[in-house]
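Undergrad: make a model of this:
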Amino acid sequence: MSRLSRTKGANFELSLSKLFEAELGIERPLRNLSQYQVSGRADLMAGPFSVEAKRYASAAGGWFQADWWEQTKSSAIAENAIPLLVYKYDRIASKFVFPIYAVNTEWMHTSGDNWSTYPTDGNALMPMVCEQDVAMSIMREWIS
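TA: Next up is the predicted model:
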């Protein structure tokens, strides 16, 4: 990864950290500064969310890459957190990707599950994409 790419990514992480602080009252969401040295770690921890931030110049269709979601889920599982992928392409607003259970907790549990852990597989982790204002509403419900 080039220095320019790392700087672009770090600036995006910082902007997300400031957004979460301003919109959700999360004091200085934790940036994982060792993420380049330790595999499988999230970029940010924001309340119960394990956040992966992806910032790129362009993409056909403006959709997220499947491997980004896989990475996001893996990081969240390692942290026992809710996966959240935030991606942005130049000249396109940021998109937020949550697992479906973040919107409807009915997806979260089957018989035998408990509330001390988040789902780690199955349909509960299907991705749901939304804009920033909707994302802040979803996050508020989990943080409050």
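Undergrad: which residue ranges of the protein form helices?
TA: Ranges of helices in the chain, per DSSP state H, are 3-24, 66-79, 132-143.
Undergrad: give me the most central residue, this protein.
TA: Central residue of the chain (CA atoms, centre = their mean): L84, 2.0 Å from the mean position.
Undergrad: quick check: it vs A135, distance?
TA: Going from L84 to A135 by CB to CB, to the nearest Å gives 8 Å. C-beta here means a position set from N, CA and C on the backbone, and glycine is covered the same way.
Undergrad: what is in contact with the two at once?
TA: By CB atoms under 8 Å, 6 or more residues apart in numbering, L84 and A135 have these common neighbours: 96, 98.
Undergrad: lowest-pLDDT helix or strand in the chain?
TA: The helix or strand of the chain with the lowest confidence, counting by mean pLDDT, DSSP states H and E, is strand 30-31 at a mean of 60.
Undergrad: can you get me a residue count around P99?
TA: Neighbour count for P99, taken as other CB atoms under 10 Å: 24.
Undergrad: and for K88?
TA: Residues near K88, counting by other CB under 10 Å, number 18.
Undergrad: can I assume it is in contact with W68?
TA: No: judged on CB atoms under 8 Å, K88 makes no contact with W68 at a distance of 11.9 Å.
Undergrad: overlap of the contact sets of the two?
TA: K54.
Undergrad: in the protein, where is pLDDT below threshold?
TA: Scanning the chain for pLDDT under 70 picks out 1-6, 29-39, 60, 109-116.
Undergrad: one more time with 50, if that's ok
TA: Applying pLDDT under 50 to the chain flags the ranges 34-37, 111.
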